[in-house]
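Asker: next one to model:
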Amino acid sequence: MYKKILLFAFSVLILLPSLSFSEIKAHFDLAQFRYNDKQAHIELNYLIPVYGLEFITAGDSLQAQVKVEVEVLKDSVRIKSDAWRLAKSVLDSGMVDSGLNMLDKIDFLFEPGFYSIILSVDDLNNDKNSFTGRRDFQIVPFLKQKTVLSSIVLASIIKKNNAGSPGTHKFIKQGFEITPKPSGIFTFEAPMLFYYTEVYNLNSLKGNQYKTQCRVLDINEQPLGAVKPRQQIKQIVEASVEVGAINISVLPTGLYALEISVLDEQDTFVASSSKRFKVFNPEVEQSVQTLFDNIEAAVAASSFAFMTEKELDDDWAITGYIATQDEQKAYADLETIDEKREYLYQFWAERDPSVMTMDNEYREVYMQKIRYANEHYRCFIRAGWKTDRGRVYILYGLPDDVERFPNNPNTYSYEIWRYDDVEGGVEFVFADIQEYGDFMQLHSTKRGEPSNHNWQQHILR
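Answerer: Modelled structure (predicted):
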């Protein structure tokens, strides 16, 4: 199998093509719970930090507004979509950096199968400010014949909901108020990691009691001695809720997993659920290690684990504008689907600008640009990202100025794009010579791009 060394992201210098990152950095997470024999209850928790939004004056306050859109795919076919608006008001600009967030939750009921959820956030006060993220996941039935656990929800705080108190009603579950942490990132400034999970079909166990065990694992799935396992002995019921907290202040910066297990009266392992989280803690010295020692486990937890070979090849095809010749040759030499999954995972991981977030912002921005190109630059004969205008947009972003010259008896339709901040100002000229809506690049003043100073001759009929 193809292997290559993946260096720790803090110590690697990678020369990347210019991609303009949006200011919005939304976080979202999925959790799966039992609903009935045929459906699972899916919770999508998402958080939008307000510091990435543009505020405008609204009366005596400042207000930010966003449009949130969710699209659900099953087996790559869209089955549901919805959109709504959220707003946040502050009294003055000094409150924008005070940790304010938009925190919300969406609920779904799904039957077993393979799904994708795409979350998009658009700043309504700045049309160039947006975010798009995707999660691929599988729903499996909660069978009655054996004990199983739900997903684990990580939270910044969990407390009992007092009777009659409305609390944050969207986040009340089984008598607990949960403030979810969709980012999965915990810092030394707020070192308590709270967790919530549910255990089903406990009455399938023999005896009167069972034991739960909560452990923190490192990236190699080994228990950490620095965090003592938390164990509880309980009486058997049909289903139970497991809620608790651990102090991560002793952990160095890195990637970890929280594992919650159920054991029977004889201490025999029965079932478990795990959830990854990240710690940012400069107060504790970090050992020399890579976050990606266990590459197989990392790939298995990524979206690439759910892709068919054709989907992997399609995903690789869109990297043509940023992959080096050596990388393109290396992928072409791969023979198995597992090799392709691993290679794609490492290709994008090397370009991740921040290992201190659960998401790969570089890939998210790139995929967002692919989708935009497909929507705005597609033509009769090819997808938008494959067109010349799509390529230029993906690499350099939206132009600062566009001059459009429509079709007339003397010339074909053509456009002139201008970028003010690229090499002190550059131009791109595109023309629809074949009249298929496919505007081909005729000329550019940017270094390294094809140029033709006689391009005006080519637009004449």
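Asker: which helix of the protein spans the most residues?
Answerer: Using DSSP state H to define each element, the chain has its longest helix at helix 361-376.
Asker: tell me what that helix is packed against?
Answerer: Using 3 or more CB pairs under 8 Å, 6 or more residues apart in numbering; DSSP states H and E, the elements in contact with helix 361-376 are strand 130-139, helix 388-396. C-beta here means a position set from N, CA and C on the backbone, and glycine is covered the same way.
Asker: could you say which of these is packed most deeply?
Answerer: Comparing the helices and strands packed on helix 361-376 by mean neighbour count (mean count of other CB atoms under 10 Å), helix 388-396 comes out on top with a mean of 21.
Asker: next structured bit after it?
Answerer: Sequence-wise, the next helix or strand downstream of helix 388-396 (DSSP states H and E) is strand 401-405.
Asker: pull the distance from that following strand to the chain's centre.
Answerer: How far strand 401-405 lies from its chain's middle: 35 Å, per CA atoms, centre = their mean, to the nearest Å.
Asker: quick one: list the elements packing against it.
Answerer: strand 414-419.
Asker: Three-state assignment for the nearest residue to Arg230 once chain neighbours are set aside, please.
Answerer: Here the nearest residue to Arg230 in space, its sequence neighbours aside, is Cys214; by CB to CB, 6 or more residues apart in numbering that works out to 4.2 Å. When classified by DSSP: H, G, I helix; E, B strand; the rest coil, Cys214 comes out as strand.
Asker: quick check: bridge partners of Cys214?
Answerer: Beta-bridge partners of Cys214, counted by DSSP bridges, are Arg230, Ile260.
Asker: who's in contact with it?
Answerer: Shown in contact with Cys214 (CB atoms under 8 Å, 6 or more residues apart in numbering): 195, 229-231, 242, 244, 246, 258-261.
Asker: let's go with 6 Å and repeat that
Answerer: Shown in contact with Cys214 (CB atoms under 6 Å, 6 or more residues apart in numbering): 230, 244, 260.
Asker: among the residues you listed, which one lies nearest to Tyr200?
Answerer: Taking CB to CB as the measure, Tyr200 lies nearest Ile260 of these, at 13.2 Å.
Asker: okay, now the closest one: neighbour count?
Answerer: Look at Ile260: counted by other CB atoms under 10 Å, it has 23 neighbours.
Asker: oh, and call the first residue 20 from now on, that's how I've got it
Answerer: Sure, I'll start numbering at 20, so the last one becomes Ile279.
Asker: wait, it touches Thr216, no?
Answerer: Yes: Ile279 lies in contact with Thr216 (CB atoms under 6 Å); the separation is 5.5 Å.
Asker: what's the overlap in contacts for these two?
Answerer: Counting by CB under 6 Å, 6+ apart, the contacts common to Ile279 and Thr216 are Ser292.
Asker: JSON lines for the contacts of Cys233, including distance to Arg466 and pLDDT?
Answerer: JSON lines is the format used below for the contacts of Cys233 (distance: CB to CB, whole Å; pLDDT from 0 to 100):
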{"residue": "Arg249", "distance to Arg466": "59", "pLDDT": "88"}
{"residue": "Gly263", "distance to Arg466": "58", "pLDDT": "93"}
{"residue": "Ile279", "distance to Arg466": "56", "pLDDT": "95"}
